[in-house]
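> Using only what follows, build the 3D model:
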Amino acid sequence: MNTSLATTARLTGAALRALLALTVVCGVLYPLAVTGLAQALFPHQANGSEVRSEGKVVGSSLIGQRYDLPLTKGDSTPAPDLRWFQPRPSDGLGENTVNTQYKLQVSGATNRAGDSPDLVKAVKAAKAAVLADNTAPGYTPKPSDIPADAVTSSGSGLDPDISPAYAALQIHRVAARNHLPVPEVTRLVTAHTTNRTLGFLGEPRVNVLELNVALGEVVRKG
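Next comes the predicted model:
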């Protein structure tokens, strides 16, 4: 009996020592080491790829944002603020008690099939809105100019990027709304266009938040 108790006590002690050691190594030392390395080698990415404007964090380059006018009485969705470059639609980001669009609590696509009447209707409505919104003095976009990302949401609904084609489609409207020369806005888009990673991965893209931050700086300078 005494031998059994002694064996149990010895094994329990060994287990507790192992638990303590693993807790210190895996729960304290390893996280501190990884965090330290991340902060030393990749501080921008480790801190959420923050984007700053006028000294304040305005978002993350990894997460899309809406640029809308305040919601008016009687409307279910706010109208886009056409002074800014607009992101992809975020139709998959419905609102509920824990989630509002682009608040990161929930993300997802619409999950509509390619032949869904609701999807076809939504795409047609989005196409008509893109044509109307981006018609500017001296510039009328053609239906064939509208890329897919202008009328469809991404798989997560949080895509921070748009295609160079969609950015180009918005140049005349943004220039007119902000009283800027078209070539100046074109240069902004070109400067914020990222090519394929390593030359062959992904597609060329424009980060909407970073582009709009740069646009805001130009507008403030007058």
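> Check the burial of residue 213 by counting its neighbours.
18 (other C-beta atoms under 10 Å). All C-beta spots, glycine's among them, are computed from the backbone N, C-alpha and C.
> Check which helix or strand residue 141 maps to.
Using DSSP states H and E, residue 141 sits in no helix or strand.
> is it true that it touches residue 129?
No: the pair residue 141 and residue 129 does not pass the contact test of C-beta atoms under 8 Å, sitting 11.7 Å apart.
> Neighbour count for the two, which is higher?
Neighbour comparison, residue 141 and residue 129: the larger count goes to residue 141, with 20 against 16 (by other C-beta under 10 Å).
> In space, what's closest to the more buried one - neighbours in sequence excluded?
residue 134 (5.1 Å; C-beta to C-beta, 6 or more residues apart in numbering).
> what does residue 52 give?
Leaving out its chain neighbours, the residue that sits closest to residue 52 by C-beta to C-beta, 6+ apart is residue 58, at 6.6 Å.
> Check which helix or strand that neighbour maps to.
strand 56-60.
> Just the pLDDT at residue 6, thanks.
Residue 6 is assigned a pLDDT of 83 by the prediction.
> which residues touch it?
Counting by C-beta atoms under 8 Å, 6 or more residues apart in numbering, residue 6 touches no other residue.
> before we move on, what SS does it have?
Three-state assignment for residue 6 (DSSP: H, G, I helix; E, B strand; the rest coil): helix.
> ok so, going back, buried ones in the next helix-or-strand element following the strand holding residue 58?
Remark: after strand 56-60, the chain's next helix or strand is helix 117-133, criterion DSSP H and E. For helix 117-133, the neighbour count (16 or more other C-beta atoms under 10 Å) marks 119, 122, 123, 126, 129, 130, 131, 133 as buried.
> Which residue is the nearest non-sequential neighbour of the first one?
Residue nearest to residue 119 in three dimensions, not counting chain neighbours: residue 112, with 3.9 Å by C-beta to C-beta, 6+ apart.
> Surely the one you found touches residue 123?
No: with contact defined as C-beta under 8 Å, residue 112 does not reach residue 123; the gap is 9.8 Å.
> quick one: residue 155 is in a strand?
No: using three-state DSSP, the secondary structure at residue 155 is coil, not a strand.
> any idea how far it lies from residue 90?
Distance, residue 155 to residue 90, using C-beta to C-beta, to the nearest Å: 12 Å.
> Of the two, which one has the most company?
Shown here are residue 155 and residue 90; by other C-beta under 10 Å, residue 90 has more neighbours (20 against 12).
> Burial check on the closest residue to residue 77 other than its chain neighbours, number of neighbours?
Leaving aside its sequence neighbours, residue 77 sits nearest to residue 71 (C-beta to C-beta, 6+ apart; 7.5 Å). Counted with other C-beta under 10 Å, residues neighbouring residue 71 total 11.
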